[in-house]
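Student: here is my input; please provide its structure:
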Amino acid sequence: MRAYVTANSSDDDPGVVGERLVALGYQLRVFHREDHESWPDVDDADLIVALGSDWSVYWDHVAGPVGAEVALLRKAHERGVPVLGICFGSQLLATALDGTVSRSPRPDQEIGWFDVAPVEGAPAVLGGRWFQWHYDRWTLPLDAELLATTPGANQAFRLGRTVATQFHPEVTAGIVARWAASGDAGELLAQGIEVAALVADTERMEADVRPRAYALVDWFCREVVGG
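Tutor: A predicted model of the protein is given here:
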């Protein structure tokens, strides 16, 4: 089984999500957004995972790769190829499916570990404390089912075989430490967020979140991919 992963070349680690997919028998192939002209056809994939990014979907200087990935995800959705979009990946999906993406008015409330609440009837595996790191947020695409929220933003939706999570089920302490060292420290401090505390919190949460992330991937593969 083939799982295609789309990511920035500087940040292409699918973390715990990739770890679980491999354990379930998937072979991962990572495709970089910067090399979008060489991507294969979506029909060659059994599922697609679109990872996060430090980009925004509305930035003019990345319009080429963003437009190409939006088109790819829309095509996958239309052809029934299962897609899981994480953070920036969820914003790409919202864009592809006629939702909207805009800057969050309170990003300080959306960077760190926050409780995510499933809506009534949504899968319980989406609930709990999950890692957030985003400055943008999406509106629900037409006909999509809202699955989870926080006070600051929508957190998950499903439309057919497409699922989006604004939160990061894939993170490890190493991933967060790398993000924190990538040049974003100044903006974090401006939001009143200490980099060391963010990494330390993730180290404390990692043992708890891994089995919950596994359960989320299992639900996706069982109910969305296999459903």
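Student: lowest-scoring secondary structure element of this structure by mean pLDDT?
Tutor: Every helix and strand in the chain was compared by mean pLDDT, DSSP states H and E; the lowest is helix 185-190, with a mean of 69.
Student: check which element follows that one along the chain.
Tutor: Toward the C-terminal end, the helix or strand that comes next after helix 185-190 (DSSP states H and E) is helix 195-219.
Student: give the buried residues for that next one.
Tutor: Neighbour-count burial for helix 195-219, counted by 16 or more other Cβ atoms under 10 Å, picks out 195, 198-199, 201-202, 205-206, 209-210, 212-217, 219. (Each C-beta comes from the backbone N, C-alpha and C, glycine too.)
Student: so among those residues, where is pLDDT lowest?
Tutor: Lowest pLDDT among those: V195, with 82.
Student: longest strand anywhere in the chain?
Tutor: For the chain, the strand reaching the highest residue count under DSSP state E is reported as strand 111-118.
Student: so V57 sits right up against R137, yeah?
Tutor: No - V57 sits out of contact with R137 when judged by Cβ atoms under 8 Å, with a separation of 11.3 Å.
Student: quick one: the helices in this structure?
Tutor: Along the chain, the stretches classed as helices by DSSP state H are 15-23, 63-78, 88-96, 173-180, 185-190, 195-219.
Student: okay, the ones you listed in JSON lines with distance to D143 next?
Tutor: Shown next, in JSON lines, are those (distance: least, Cβ to Cβ, whole Å):
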{"stretch": "helix 15-23", "distance to D143": "26"}
{"stretch": "helix 63-78", "distance to D143": "12"}
{"stretch": "helix 88-96", "distance to D143": "13"}
{"stretch": "helix 173-180", "distance to D143": "33"}
{"stretch": "helix 185-190", "distance to D143": "35"}
{"stretch": "helix 195-219", "distance to D143": "21"}
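Student: you'd agree V49 is up against L84?
Tutor: Yes - at 4.9 Å, V49 and L84 qualify as touching, with contact defined as Cβ under 8 Å.
Student: neighbour count for the two, which is higher?
Tutor: Each of V49 and L84 has its neighbours counted (other Cβ atoms under 10 Å); L84 has more, 29 against 26.
Student: partners of that one in the sheet?
Tutor: Beta-bridge partners of L84, counted by DSSP bridges, are V49, V163.
Student: what sits against the most centrally placed residue in the chain?
Tutor: Residue closest to the average C-alpha location in the chain (Cα atoms, centre = their mean): I86, at 0.7 Å. Applying Cβ atoms under 8 Å, 6 or more residues apart in numbering to I86 gives the contacts 17, 49-52, 164-165, 167-170.
Student: grab the nearest non-local neighbour of V17.
Tutor: Using Cβ to Cβ, 6 or more residues apart in numbering and skipping residues adjacent in sequence, the residue nearest V17 is E170, 4.1 Å away.
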